[in-house]
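> The amino acid sequence is not available; the structure is as follows:
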């Protein structure tokens, strides 16, 4: 069967459940069943369904995932040593293991089926959260953080019972597709371009409502990183214009918001970091007590809270959290896994799909420097997609190459003159067709239809 005759693979039940898990991410803190988040239960159903589709979800197991498993194993072992065995501990232990299965399944799905579809679903998930944020839906369960502005208490609003800083970083993912679509860096149909722009506007408004300085910083750096994905100065110029326009609109909205403006002024005038500097110093000092294997994924927060007299306390910094929880051994395993993903995202930042994955990866990286994003599943999903970009891009390139080859062969067959015409030398029309076929053979790669008709599917940074 030729490439032109191959049917498009149908969406399976396991694929639907995986997409449902991603779309349920905004409601992870709101909807719980039996003490577990809704994403965990959908994830368990997905694992059961995926066992009958192993070629789709578990065909390939990259060795780099062993580093992640080692990092998880060190943290879980630390918890088991310091915490009595209980149902709650087992429930907390299942989380990282499900995350690993989730990443491997997403990696294989991106490589075997469609990375574009996964990117689209994650973008829609972030847009859904932005809609709830902007329109104040589910405000009865919204988590608020108050701050005094001009003598009055002003709330930091975050919908769906989510931390405002986590919400801002997550909604930032919906802004990047809009920037890329408007600038032409992401070739999409008009309907999806309009959808991307609307999602970007919703997300930008939602970020302003959260008052998150870390989320704003992650978004600004993420937008700036789009420039590294452009191949030529013409594309960079378009992205610069769109980026400056986006940042200008976002800056105007921030300055017109009393809460956000007050928080920014406090950062510049008094270097206010919401106590993060003290937390980082205490975390670093505490990590020296168990430098090799750490305290455990869950025990580390209670140990840090006990040191500070606060019950439980997160580090608000992912590298410090990894060091405190898993020590040097777990940190090295984590770095091995994460740096491989960073390398893949950087090397393929100019590919058709990497142009979106790279800014998302940068947003997650910057956000993790002031937040414990290791508890956010979308953080690990972006890491898995970054690892999948090289093979997914190579697969798309092979598909296009096979399609073009089959198309050229069909054109040559249709234009081939009869044998008796060739023996007589043929008339002028047949000779013209013969010359046309020869030209096609010599210009397969440089054809304008190939370079301009098909979106950039194989361009990778060497």
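Yep, that arrived. Computed from a prediction, not measured in an experiment: that's the story for all the values here. Numbering: from 1, shown residues only.

> Tell me, please, the helix or strand in the chain that averages the lowest pLDDT.
Using mean pLDDT, DSSP states H and E, the weakest-scoring helix or strand in the chain turns out to be helix 448, at a mean of 33.

> where does residue 314 fall, helix, sheet strand or coil?
Three-state assignment for residue 314 (DSSP: H, G, I helix; E, B strand; the rest coil): coil.

> That one: how many residues sit nearby?
By other CB atoms under 10 Å, the residues close to residue 314 number 18. Yep, even glycine has a C-beta here, placed from its N, CA and C like the rest.

> pretty sure it is in contact with residue 321, am I right?
Yes - counting by CB atoms under 8 Å, residue 314 touches residue 321, with 7.0 Å between them.

> now the helices for the stretch 1-150 of the chain?
Under the criterion DSSP state H, counting those that start in this stretch, helices of the stretch 1-150 of the chain are mapped to 13-23, 38-50, 54-57, 64-82, 87-109, 115-134.

> Now the common contact residues for residue 314 and residue 321.
Counting by CB atoms under 8 Å, 6 or more residues apart in numbering, the contacts common to residue 314 and residue 321 are residue 372.

> contacting residues around residue 298?
79, 83, 89, 92.

> next one: residue 382
Residue 382 makes contact with 122, 357, 360, 361, 364, according to CB under 8 Å, 6+ apart.

> And for residue 331?
319, 322, 323.

> Doesn't the first one lie inside a helix?
In other words, residue 319. Yes - the assignment for residue 319 (three-state DSSP) places it in a helix.

> Run the chain-centre distance for stretch 248-263.
Distance of stretch 248-263 from the chain centroid (CA atoms, centre = their mean, to the nearest Å) equals 26 Å.

> as a whole number, average confidence for that stretch?
The pLDDT scores in stretch 248-263 average 90.

> From residue 368, how far out is the residue nearest to the spatial centre of the chain?
With distances taken as CA atoms, centre = their mean, residue 382 lies nearest the centre of the chain, 3.1 Å away. Computed as CB to CB, to the nearest Å, the residue 382 to residue 368 distance reads 11 Å.

> Please apply the same query to residue 309.
26 Å.

> just for the stretch 101-250 of the chain, where's the confidence low?
138-154 (pLDDT under 70).

> For it, which segments count as strands?
Assigned by DSSP state E, counting those that start in this stretch, the strands in the stretch 101-250 of the chain fall at 143-149, 152-158.

> Enumerate the positions of stretch 158-178 that are buried.
Neighbour-count burial for stretch 158-178 flags 158-178 (criterion: 16 or more other CB atoms under 10 Å).

> In helices, which of those residues fall?
164-172, 175-178 (DSSP state H).

> what about the helices in the stretch 251-400 of the chain?
For the stretch 251-400 of the chain, the helices defined by DSSP H, counting those that start in this stretch occupy 258-270, 276-287, 299-308, 318-347, 354-368, 377-415.

> can you list those in a markdown table and add distance to residue 131?
Putting the helices of the stretch 251-400 of the chain into a markdown table (distance: least, CB to CB, whole Å) gives the following:
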| stretch | distance to residue 131 |
| --- | --- |
| helix 258-270 | 20 |
| helix 276-287 | 30 |
| helix 299-308 | 32 |
| helix 318-347 | 28 |
| helix 354-368 | 19 |
| helix 377-415 | 17 |
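
> Out of those, the one nearest residue 45 is which?
Closest of these to residue 45 is helix 377-415, at 15.4 Å (criterion: CB to CB).

> mean confidence for that closest one?
74.

> Can you say which of the helices of the stretch 251-400 of the chain is nearest to residue 182?
helix 354-368 (13.5 Å).

> picking up where we left off before, out of the helices of the stretch 251-400 of the chain, which comes closest to residue 222?
Closest to residue 222 of those is helix 354-368 (CB to CB; 3.8 Å).

> got the angle between that closest one and helix 115-134?
Helix 354-368 runs at 50 degrees relative to helix 115-134, counting by axes from the mean of the first three to the mean of the last three CA atoms, to 10 degrees.

> Which elements pack onto helix 354-368?
Contact analysis of helix 354-368 by 3 or more CB pairs under 8 Å, 6 or more residues apart in numbering; DSSP states H and E lists helix 164-172, helix 175-183, helix 213-225, helix 318-347, helix 377-415 as its packing neighbours.

> Report the distance from it to the chain centre.
On CA atoms, centre = their mean, the centre of helix 354-368 falls 7 Å from that of its chain.

> Determine which stretch of the helices of the stretch 251-400 of the chain is the most buried.
When these are scored by mean count of other CB atoms under 10 Å, the highest mean neighbour count falls to helix 354-368 (a mean of 26).
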